[in-house]
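Student: with the sequence up front, the predicted model follows.
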Amino acid sequence: FPSHDKLSLGLLLSWKGVLEALDYGQMEFVLLILAVMGARSFFPFPFFSGIVLGFLPALKLPWIVFGLPFFLQARSYQFWKWVGGFILAWGIWLFGIPVMFFGRERALALTQSWMEILRAQPFDLYLSDINQSLLALGLRLFHESFQAQRLALAFTLISGGGLLGYLIQRRRWISGELSTLTPWLLFVQLVNPLAWRWGSVFALGAPFSARTRALWVLVLILYRDWE
């Protein structure tokens, strides 16, 4: 590799989110690759793009939010192709594959047990310093309050809605470039109730969006180790 490529690769791999994703063995790299692949194929191959992006919420449900900018900017001849691919992929992952491998009753039982695990998660998990979601931030801000959970939820809805409105009104829609993907990647990370710190790997494209002031606010919120 040329020296400048080696330097770029070294800087990329030294990013905290990259190191932690590798250290904890998380799937954020897979999510990032799928997001980039789906975005780059959106205009030339909308059906394929829908299939790729439809895998994301099947892997992690909050990633259904990432499909919103594609849904909004799809042109008439792309819309139903993309939506069809998205629904098809989501259906295959959520229903087709589990039923094929485990059978209908076993797949239903596994789904119910998974939901029970989610309900049984300790509340302290949301307050952990490795959780960098807007909900966790709200809980830390209002933890002394009697109605901390309600206030934290209100904070999440208001701040998340404000960020979403800002991203939509900018009208700088997603393409295959990281400069357009990064704000939405970080938004998905922030609205996820359990947004682990190694998800800061999604901020890799932040230097390419240096003019986006709101993006840097998101990076600071996501990247900081709250005590």
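Tutor: Yes, it's here.

Student: may I have stretch 104-121 as CSV, with CA atoms only?
Tutor: Taking Å, rounded to 0.1, in the frame of the first residue of the first chain, the C-alpha atoms of stretch 104-121 are listed here in CSV:
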residue,chain,number,x,y,z
ARG,A,104,-43.5,-22.5,13.6
GLU,A,105,-44.1,-23.4,17.2
ARG,A,106,-40.5,-23.5,18.2
ALA,A,107,-39.8,-20.1,16.4
LEU,A,108,-42.8,-18.6,18.3
ALA,A,109,-41.5,-20.0,21.6
LEU,A,110,-38.0,-18.5,20.9
THR,A,111,-39.5,-15.2,20.1
GLN,A,112,-41.5,-15.1,23.3
SER,A,113,-38.4,-16.1,25.3
TRP,A,114,-36.4,-13.3,23.6
MET,A,115,-39.1,-10.7,24.6
GLU,A,116,-39.0,-12.0,28.2
ILE,A,117,-35.3,-11.5,28.3
LEU,A,118,-35.8,-7.9,27.1
ARG,A,119,-38.3,-7.3,29.8
ALA,A,120,-36.1,-8.8,32.4
GLN,A,121,-33.1,-6.5,31.6
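
Student: need the CA coordinates for the single longest helix found in the chain. CSV is fine.
Tutor: Ranked by residue count, the top helix of the chain under DSSP state H comes out as helix 148-169. Extracted C-alpha coordinates of helix 148-169, given in CSV (Å, rounded to 0.1, in the frame of the first residue of the first chain):
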residue,chain,number,x,y,z
ALA,A,148,-37.2,10.3,36.3
GLN,A,149,-38.3,7.7,33.8
ARG,A,150,-41.2,9.8,32.5
LEU,A,151,-38.9,12.9,32.2
ALA,A,152,-36.2,10.8,30.5
LEU,A,153,-38.8,9.5,28.0
ALA,A,154,-40.1,13.0,27.3
PHE,A,155,-36.5,14.2,26.8
THR,A,156,-35.8,11.4,24.4
LEU,A,157,-39.0,12.0,22.3
ILE,A,158,-38.4,15.8,22.2
SER,A,159,-34.7,15.8,21.4
GLY,A,160,-35.0,12.8,19.0
GLY,A,161,-37.9,14.5,17.2
GLY,A,162,-36.0,17.7,17.0
LEU,A,163,-33.0,16.0,15.5
LEU,A,164,-35.2,14.0,13.1
GLY,A,165,-36.9,17.2,11.9
TYR,A,166,-33.5,18.9,11.4
LEU,A,167,-32.2,16.0,9.3
ILE,A,168,-35.3,16.0,7.2
GLN,A,169,-35.5,19.7,6.6
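
Student: I'd like to know which elements the next helix or strand after that helix is packed against.
Tutor: Next in sequence after helix 148-169, counting helices and strands by DSSP states H and E, comes helix 178-191. Secondary-structure packing of helix 178-191 (3 or more Cβ pairs under 8 Å, 6 or more residues apart in numbering; DSSP states H and E): helix 28-40, helix 148-169, helix 213-223. The way it works is simple: take the backbone N, C-alpha and C, and place the C-beta from them, glycine included.
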